[in-house]
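Undergrad: Sequence and computational prediction follow.
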Amino acid sequence: MILIADCGSTKIDWCLIENGKVAKQVFTSGINALLMSEEQIRQTIADELVPEIKEYEIDSVYYYGAGCLFDDICANVRRAIAANIPSAKTIEVDTDLLAAARALCGKNPGIACIMGTGSNSCYYDGVKIVDNVSPLGYILGDEGSGAVLGKLLVGDVLKNQLPAALCEKFLKQYGLDRQKIIESVYKKPAANRFLASLSPFLIENIEEPAVHRLVLNAFKAFFVRNIENYEGYKTMPVSFVGSVAYYYRDVLEEAASSLSIKVGTVIKSPMEGLVKYHSN
């Protein structure tokens, strides 16, 4: 039996796979491997996952998580999993970007992207990631992400770059004013999540020319600053996983087309693709 984990800072989606089919799906609190100790990770798994899977004999665990960037961090996660699932003979810990690549491309080469709260991309050779343009986070990069779309939105609202009626509508809908926005961005933690939480306003009002232009230009920046760095980017599809890509697909494809780039598969979550990948 196989256990797959798609891990974010907020929640983890665990899927038990038997004979190529999902036997059970469990959701637990998220784990940030960069910020949590091995003991904290072990305890979270023990408290929330183990009671749900104790009757299953698990042979292999494939864990994909944001923050699993360095060998020592991956080793912490592996030991925490091994302590809770001693039956597992195989425990692999990899990045969420490899999860995206495997879910989108399977065992074929391709360009795989994440576009959710943050954004990222890679060139995948069908086995491993061979090239990655650093996303740099929402301050220096993360073009096209929910956090950056939110950042562009509030910047345009506060600098009166959008129609007055639209600015008023936004502030009223979210119960915000200039002071609350500044405090949430510069004084409170997780500013990226706050900004990303505002981005749905854009898709709700995408027919407004100013909003459409903002989103289109953000996606063009993603392609220019990231995808155009990969060799062969015009000859192979560029595929996406993540809520922003999923809900804004029409504008994403418009931005790609303007740059002679072809959008391939777009999925909201990587789990379905990961189940298929590991089942094969």
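TA: Here it is on my side, so go on.
Undergrad: what's the neighbour count on Ala256?
TA: The tally of other residues near Ala256 (other C-beta atoms under 10 Å) stands at 21. C-betas here are computed from N, CA, C, even on glycine.
Undergrad: Run a quick check on it versus Val263, I expect a contact.
TA: Yes. With contact defined as C-beta atoms under 8 Å, Ala256 reaches Val263; the gap is 4.9 Å.
Undergrad: Between these two, which contacts overlap?
TA: Contact criterion C-beta atoms under 8 Å, 6 or more residues apart in numbering; residues shared by Ala256 and Val263: Val238.
Undergrad: helices or strands up against the helix or strand bottoming out on mean pLDDT in the chain?
TA: Least confident helix or strand of the chain, by mean pLDDT, DSSP states H and E, is helix 137-140 with a mean of 84. Under the contact criterion of 3 or more C-beta pairs under 8 Å, 6 or more residues apart in numbering; DSSP states H and E, helix 137-140 touches helix 146-158, helix 191-198.
Undergrad: Endpoints of stretch 81-98, how far apart?
TA: Its start and end residues considered, stretch 81-98 measures 19 Å (C-alpha to C-alpha, to the nearest Å).
Undergrad: which other residues reach it?
TA: 3, 6-8, 42, 45-46, 49-50, 53, 57-66, 68-69, 74-75, 77-78, 112, 114, 120, 122, 128-129, 132, 270.
Undergrad: Would you show me how to pick out the buried ones of these in ChimeraX?
TA: In ChimeraX, this line selects whichever of the contacts of stretch 81-98 come out buried by 16 or more other C-beta atoms under 10 Å:
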select :3,6,7,8,42,45,49,53,58,60,61,62,63,64,65,66,68,74,77,78,112,114,120,122,129,132,270
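Undergrad: Run the chain-centre distance for the helix ranked longest in the chain.
TA: When the chain is parsed with DSSP state H, its longest helix is helix 209-225. Computed by C-alpha atoms, centre = their mean, to the nearest Å, the separation of helix 209-225 from the middle of its chain amounts to 19 Å.
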